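Peer 1: I'd like to go over a predicted model; first the sequence, then the structure.
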Amino acid sequence: MLRRRTFCVFLVAFVLLWTGTALWLVPQVIEAAYAGRSVEIVNSLISGQAAHPLSHYQMLWKAIALRISVLLIAVGILGLGIVRFGPLLIAKGGRLLGMPSAIPVSRRDFILIALFFGLMTGFGEAVVAAVRQLIQPMPGWQYTWEVVWLAPLANGVSFAVLSIVLLLILGVLGRKTPPLQLTFLVALLGAYLLLRLLGIGLTPLAALLLGAGLTLTLMRLVLRAPTVLLGRTRKYVGIMVPLIGVLGVGQSVWSRPSQQDMGPVPEQLRPIPNVLLLVLDTVRAHSLSLHGYERSTSPFLEQLARIGTVFEYAIAPSSWTLPSHATLFTARHPHEHEATAEQPLDDTFPTLAEQLRNHGFETAGFVANLGWTQSATGIGRGFTVYQDHVFSLSMFATNSSILRTVHRWLRLSRWSPAWEMLANEAKSAPEISAAFLAWADQRDQPDRPFFAFLNYMEAHDPYVPHPELPGAFGTRYIRASRHGARNPAIRQPLIDLYDGEILYLDTELQSLFARMAERELLDNTLVIVTSDHGEEFAENQAEVAGHGVSLFMSSIRVPLVMVLPPHVPQGMRVAKPVSLRDIPATVLELVGINNTVFPGQSLSGYWASRPETHAAPRAPAYAQLNAKPWLPAWAPAHRGGITSVVLDDLHYIRSEDGLEQVYRYTSDPFEQHDLSASLGEATLGRLRGSLQAIHVDDTPSGAAR
């Protein structure tokens, strides 16, 4: 009775302490840190990277506090149950499982044994993850190569913390020394995690039961000679802890980019322009005031257009990130480079970064999309510096199965719009710009021209409201996936948020260009602003929402602005459809490199006065999307692969099941009126032939055409 009363008093005191901390202390610390007035380490975490308004940090904390409160309530109920029934269950359970009587161990040894199981689980996870990636590289790999040392470190720390929590519970129960049998719990957790990681088809329940059987067998063996277990545990922990440090240093050295492959410094430096490629992930042309949208979502891009050339109908090669980026860098159609969710971009075809590096350019990439532009996708090939994942608490959690489970449970995007950015699941625009500028300021060889690729993720869901922006559109966070726009009740609020994200990104681009101007980095730089794909909000005939689900114009028509006075005309707008596939050939021509590797045609043909630039007819803009049977039934890609061509003012879409659709995109921008039944057979035949010709003409030679 006394123990139960003690536990209840402890629980009430702890809840009161937590409530005061959550509702008063932590918000005060966040507010002070945002202003740079808190502890230095907290200042550096918040004020040093204040890419979002204070309200976002406060919303994030409220969501975390809510989850922790739920967890504390669950732990309290569990603790009361343990106080009431724990001793009885332990006594009867031990006899039922055939374990000997409780063997007491010191608290230090108890933590040491838990640490041992955590380290073993972590090393096992590292081996499984690394071997699997080496055998079958996955572009969307959920780990990073830091897994070789982060998984053992994270799992070891997690298991040690778990053992300390168990000791605290035992202390409340009045037990001064823990029984060795209690390590069964941490051993079971390790066995369960490893069985799930092996991917051998075990359901969670099956893995738990099999893990329990294996752990019970192991415990029966070691409990016969507990002193031997303790001695070997100390020995192995003494080996594994230094090994983590060795692996960490080795992996850091191994992953450090080498600049030995760069070509010689060009003899004539100044005439050779730098190249800055800005990809605004998930920004569609339909939602830009640059392209006539009624809302002023892109005032800075409009300013940029006055000193450059705008392509009114730039067509992305696909409607999702990886194949579109792969084509952007190789000038190869998706069916040629075959970069998919299951297969990264391989080294069959050279990339733009490789070609520029071989001609003396410094090449650097800074990406916010840590899923589909990370190094594991192959997009980073050719860059001497490629910053995707940076060491952070998120990376620490991602490379540990137990922390990834907790991370997923605490995933707060449903509750807090700031979580995605603040948790570094995607980097913010200010972070990407700052990383690029820091690299530009510290370049080893500033005399070389550079090629920099920056990928921004603001316009990708989930959409974060920006009420601090003048003229902001969406100010209320909407809990919805990218497919949520199929619900008419939230379609417009989602569009408002999406438009607000584009406006926020536009202001950040303005800030980037201002800082580049201060450094005189714009004086001789070819600037290309584009996107990898767009977004759909169920505005079309099929009410499709999201991206990567169809090839309607909303998901493949993207912005494309080029600036390089006087080589690129100022204030010019090209009305004919063009493909992002032509960008590599365009870049090489504008920087004065003979193109012998990239197919496609330079876009300079639209303004060059040389007769030969107009001699060859241009291929229609082509897009492709592989089948995705896991998508909902309403998604066109659910039924099979899709291809499309944009020819003159017609957009022809053909599905793998034979369905044909034709839209006049200039007068029907959201493609609500299918013309396939009303067009003549001659027109349909011409569209079919143009699509077929693209597949017939594609060759694996790699030669330019």
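Peer 2: On my side now, so go ahead. Numbers count the residues shown, from 1 in each chain.
Peer 1: check contacts around residue 214.
Peer 2: residue 191 (C-beta atoms under 8 Å, 6 or more residues apart in numbering). The way it works is simple: take the backbone N, C-alpha and C, and place the C-beta from them, glycine included.
Peer 1: so it is in which element?
Peer 2: Assigned by DSSP states H and E, residue 214 belongs to helix 204-222.
Peer 1: mean confidence for that helix?
Peer 2: Average pLDDT, helix 204-222: 80.
Peer 1: what do you get for stretch 556-570?
Peer 2: 95.
Peer 1: and if you look at stretch 107-126?
Peer 2: On average, stretch 107-126 scores 88.
Peer 1: cool, and stretch 685-702?
Peer 2: Mean predicted confidence for stretch 685-702 is 73.
Peer 1: and stretch 238-248, by the same measure?
Peer 2: 89.
Peer 1: got the buried residues for the helix holding residue 214?
Peer 2: 207-208, 211-212, 214-216, 219, 222 (16 or more other C-beta atoms under 10 Å).
Peer 1: show me the helices in the stretch 601-705 of the chain, by range?
Peer 2: Assigned by DSSP state H, counting those that start in this stretch, the stretch 601-705 of the chain shows helices spanning 681-697.
Peer 1: how long is stretch 511-529 end to end?
Peer 2: Using C-alpha to C-alpha, to the nearest Å, the gap from the first to the last residue of stretch 511-529 comes to 15 Å.
Peer 1: to clarify, my last question referred to stretch 350-365.
Peer 2: End-to-end for stretch 350-365, by C-alpha to C-alpha: 17 Å.
Peer 1: can you give the distance from that stretch to the centre of its chain?
Peer 2: Stretch 350-365 sits 24 Å away from the centroid of its parent chain (C-alpha atoms, centre = their mean, to the nearest Å).
Peer 1: how many neighbouring residues does the residue nearest to residue 317 when sequence neighbours are not counted have?
Peer 2: Closest residue in space to residue 317, ignoring its immediate chain neighbours: residue 327 at 3.7 Å, by C-beta to C-beta, 6 or more residues apart in numbering. Burial measure for residue 327: 30 neighbouring residues, criterion other C-beta atoms under 10 Å.
Peer 1: cool, the one 3 residues further on as well?
Peer 2: Using other C-beta under 10 Å as the criterion, residue 330 is surrounded by 27 other residues.
Peer 1: next one: residue 243
Peer 2: Residue 243 has 14 nearby residues by other C-beta under 10 Å.
Peer 1: which of the helices or strands spans the closest residue to it other than its chain neighbours?
Peer 2: Nearest residue to residue 243, sequence neighbours excluded (C-beta to C-beta, 6+ apart): residue 152, at 7.9 Å. Assessed by DSSP H and E, residue 152 sits inside helix 147-172.
Peer 1: circling back to that earlier point, so which of the buried residues of helix 204-222 comes closest to residue 314?
Peer 2: residue 207 (48.4 Å; C-beta to C-beta).
Peer 1: what distance do you get for the closest one to residue 183?
Peer 2: 19 Å (C-beta to C-beta, to the nearest Å).
Peer 1: out of the buried residues of helix 204-222, which comes closest to residue 426?
Peer 2: Using C-beta to C-beta, residue 207 comes nearest to residue 426 of those, at 31.1 Å.
Peer 1: list the contacts of the closest one.
Peer 2: So residue 207 contacts 192, 195-196 (C-beta under 8 Å, 6+ apart).
Peer 1: would you tell me what the next helix or strand after the helix-or-strand element of the chain with minimal mean pLDDT is?
Peer 2: Counting by mean pLDDT, DSSP states H and E, the weakest-scoring helix or strand in the chain turns out to be helix 419-422, with a mean of 48. Proceeding N to C from helix 419-422, the next assigned helix or strand is helix 429-441, under DSSP H and E.
Peer 1: what's the next secondary structure element after that next one?
Peer 2: Next element after helix 429-441 (DSSP H and E): strand 450-456.
Peer 1: contacts for that following strand?
Peer 2: So strand 450-456 is contacted by 274-281, 352-353, 356-357, 361-369, 373, 383, 429, 432-433, 436, 439-440, 443, 505, 508 (C-beta under 8 Å, 6+ apart).
Peer 1: I figured the residue nearest to residue 243 hits residue 246, correct?
Peer 2: No: if you go by C-beta atoms under 8 Å, residue 152 and residue 246 don't touch, sitting 11.4 Å apart.
Peer 1: please identify which of the two sits among more neighbours.
Peer 2: Neighbours were counted for residue 152 and for residue 246 using other C-beta under 10 Å; residue 152 has more, 27 against 10.
Peer 1: for the record, mean pLDDT for stretch 311-325?
Peer 2: 97.
Peer 1: try stretch 148-161
Peer 2: Rounded mean pLDDT across stretch 148-161 is 90.
Peer 1: alpha carbons only: can I get that stretch in CSV?
Peer 2: The C-alpha coordinates for stretch 148-161 follow below in CSV (Å, rounded to 0.1, in the frame of the first residue of the first chain):
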residue,chain,number,x,y,z
VAL,A,148,27.9,2.2,-40.3
TRP,A,149,28.6,4.1,-37.1
LEU,A,150,25.4,6.0,-36.3
ALA,A,151,23.2,2.9,-36.0
PRO,A,152,25.4,1.3,-33.3
LEU,A,153,25.8,4.6,-31.6
ALA,A,154,22.1,5.5,-31.7
ASN,A,155,20.9,2.0,-30.7
GLY,A,156,23.4,1.8,-28.0
VAL,A,157,22.4,5.1,-26.5
SER,A,158,18.7,4.2,-26.8
PHE,A,159,19.1,0.8,-25.1
ALA,A,160,21.1,2.4,-22.3
VAL,A,161,18.4,5.0,-21.8
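Peer 1: gap between that stretch and the chain center?
Peer 2: In terms of C-alpha atoms, centre = their mean, the centre of stretch 148-161 is found 23 Å from the chain centre.
Peer 1: mind listing what's buried in that stretch?
Peer 2: For stretch 148-161, by 16+ other C-beta under 10 Å, it's 148-160.
Peer 1: so what touches it?
Peer 2: Counting by C-beta under 8 Å, 6+ apart, 111, 114-115, 117-119, 121-123, 125-126, 129-130, 143-144, 186, 189-190, 193, 240-241, 243-245, 247-248, 251, 395-397, 399-403 sit against stretch 148-161.
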